[in-house]
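Undergrad: Below are the sequence and a predicted model; questions follow.
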Amino acid sequence: MSIKGRIHSIETMGTVDGPGIRYVVFMQGCPLRCIFCHNRDAWDPKGGREATVDELVEDINKYRYFLQRSGGGVTATGGEPVLQAEFTKELFTKVKEMGLNTAMDTSGFVDVDQVEDLLKVTDLVLLSIKHVVEEKHREITGVGTRKILAFLNHLREIGKPVWIRYVIIPGYTDDPKDLERLAIMLKDYNNIELVEILPYHDMGAYKWEELGYEYPLKGVPVPTSEEVDKAKEVFAKHGLPIELKNN
């Protein structure tokens, strides 16, 4: 029997969630409460729709040629895919049998022993680090950093390729001292292939309002390209890869 999971939505030709063209599965449910979340409707683990692994594989197969030719594959994101670790593992197992790359976009807020089997069939981890300072991380997400750092350390121990994602939010995550602290910490991880510095956007604000909630970052400006470039310079100065090397 094909295992079932809960899905928020699907993007069939994604280009920003891993290498190549991606079939992106947005999972339902998330343990974090990020104030800048653009998928506020994905928090509820009982929301979305039910789907089986076989149903997704059948749909993925329609795009297999384009995914393979581009060096792409399938990305599980969210929400939070580690909340449905068994479902994601089964999906990735079948995706790899199709000869496609697997990537998981996660906050890393999970006990390592719950995802060891999932990581065995995950080719790339896109780890979204919200903040390096514990108190500020709690303010932004509602949770601490202990599990996330343990997860990051485990990825290094097993040599799992990682892309770090960090969102620049004016007044929250753009303090130069905090960026410097994060860059210095990440220097110790030789499995990091890329550090993506992403500008905060408010395109998901309407979802909060549709659900009857006030958007926490209402009035916070989107960072300029110059502000994002300054953040990138901090990481580049410490030798971290802000662009993928050509193979």
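TA: Structure received. Treat the numbers as computed from the prediction; the structure is a model and nothing was measured.

Undergrad: going forward, measure contacts between C-alpha atoms and count neighbours the same way
TA: Will do.

Undergrad: R22 pairs with what?
TA: Applying DSSP bridges to R22 yields these beta-bridge partners: G14, G73.

Undergrad: and it, what does it touch?
TA: Going by CA atoms under 8 Å, 6 or more residues apart in numbering, R22 touches T12, M13, G14, T15, L67, G72, G73, V74, T75.

Undergrad: what pLDDT does the residue most central in space within the chain get?
TA: In the chain, the centroid-proximal residue (CA atoms, centre = their mean) is D105; its distance is 2.8 Å. We have a pLDDT of 98 for D105.

Undergrad: In a strand, it, correct?
TA: Yes. Under DSSP: H, G, I helix; E, B strand; the rest coil, D105 sits within a strand.

Undergrad: got a list of what it touches?
TA: If you count contacts by CA under 8 Å, 6+ apart, D105 has them with D17, T75, A76, T77, G78, E80, P81, V125, L126, L127, S128.

Undergrad: coming back round to it: just the buried ones from the contacts of R22?
TA: Among the contacts of R22, those scoring as buried are T12, M13, G14, L67, G72, G73, V74, T75 (criterion: 16 or more other CA atoms under 10 Å).

Undergrad: and the first one, what element?
TA: When secondary structure is defined using DSSP states H and E, the element that contains T12 is strand 4-14.

Undergrad: can I get the CA coordinates of that strand in CSV?
TA: The C-alpha trace of strand 4-14 is given here as CSV (Å, rounded to 0.1, in the frame of the first residue of the first chain):
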residue,chain,number,x,y,z
LYS,A,4,-0.1,8.8,2.4
GLY,A,5,0.9,12.3,3.3
ARG,A,6,-0.6,15.7,3.5
ILE,A,7,0.3,18.2,0.7
HIS,A,8,-0.1,21.9,0.7
SER,A,9,0.6,22.4,-3.1
ILE,A,10,2.8,21.4,-6.0
GLU,A,11,5.1,23.4,-8.3
THR,A,12,5.9,21.4,-11.4
MET,A,13,8.7,23.5,-13.0
GLY,A,14,10.5,25.2,-10.1
